[in-house]
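1. can't give you the sequence, but here's the structure:
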């Protein structure tokens, strides 16, 4: 029978996953909220 507690102690995530996670979280991307904020800001400045 598999001892899940022992198997979890042995587990180490691969470096590729950690590197990908870091790259994703550190990359500042424009999302829909950024676009909406810019539209609102522009409309307030013009109007």
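-> Thanks, I have the structure now. Predicted, not measured: the structure shown is a model, and the values here were computed from it. Numbering: from 1, shown residues only.
2. Please count neighbours and contacts with C-alpha atoms only from this point.
-> Noted.
3. So residue 44 versus residue 35, what's the distance?
-> Here residue 44 is placed at a distance of 14 Å from residue 35 (CA to CA, to the nearest Å).
4. Over to residue 12. Which of the three states is it?
-> At residue 12 the chain is in coil, as set by DSSP: H, G, I helix; E, B strand; the rest coil.
5. Could you tell me how many residues sit around it?
-> Here the neighbour count serves as a burial measure; for residue 12 (other CA atoms under 10 Å) it reads 7.
6. Distance-wise, check it relative to residue 18.
-> Relative to residue 18, residue 12 is positioned 10 Å away (CA to CA).
7. pLDDT-wise, which helix or strand of this protein ranks last?
-> Taking mean pLDDT, DSSP states H and E as the measure, the helices and strands of the chain show their lowest mean at helix 15-26, namely a mean of 81.
8. Figure out how far it is from the centre of its chain.
-> Between the mean C-alpha location of helix 15-26 and the chain-wide mean there is a distance of 9 Å, by CA atoms, centre = their mean, to the nearest Å.
9. again, but for stretch 18-35
-> Its chain's C-alpha centre lies 5 Å from the corresponding centre of stretch 18-35 when counted by CA atoms, centre = their mean.
10. So the residue nearest the centre of the chain versus residue 18, what's the distance?
-> Within the chain, one residue has its C-alpha closest to the average C-alpha position: by CA atoms, centre = their mean, that is residue 25, at 4.0 Å. Taking CA to CA as the criterion, residue 25 is separated from residue 18 by 11 Å.
11. Same question for residue 33.
-> Residue 33 sits 27 Å away from residue 18, taking CA to CA as the criterion.
12. can you check residue 37 too?
-> To residue 18, residue 37 is 32 Å away according to CA to CA.
13. Check residue 10 too.
-> Distance from residue 10 to residue 18, counting by CA to CA: 17 Å.
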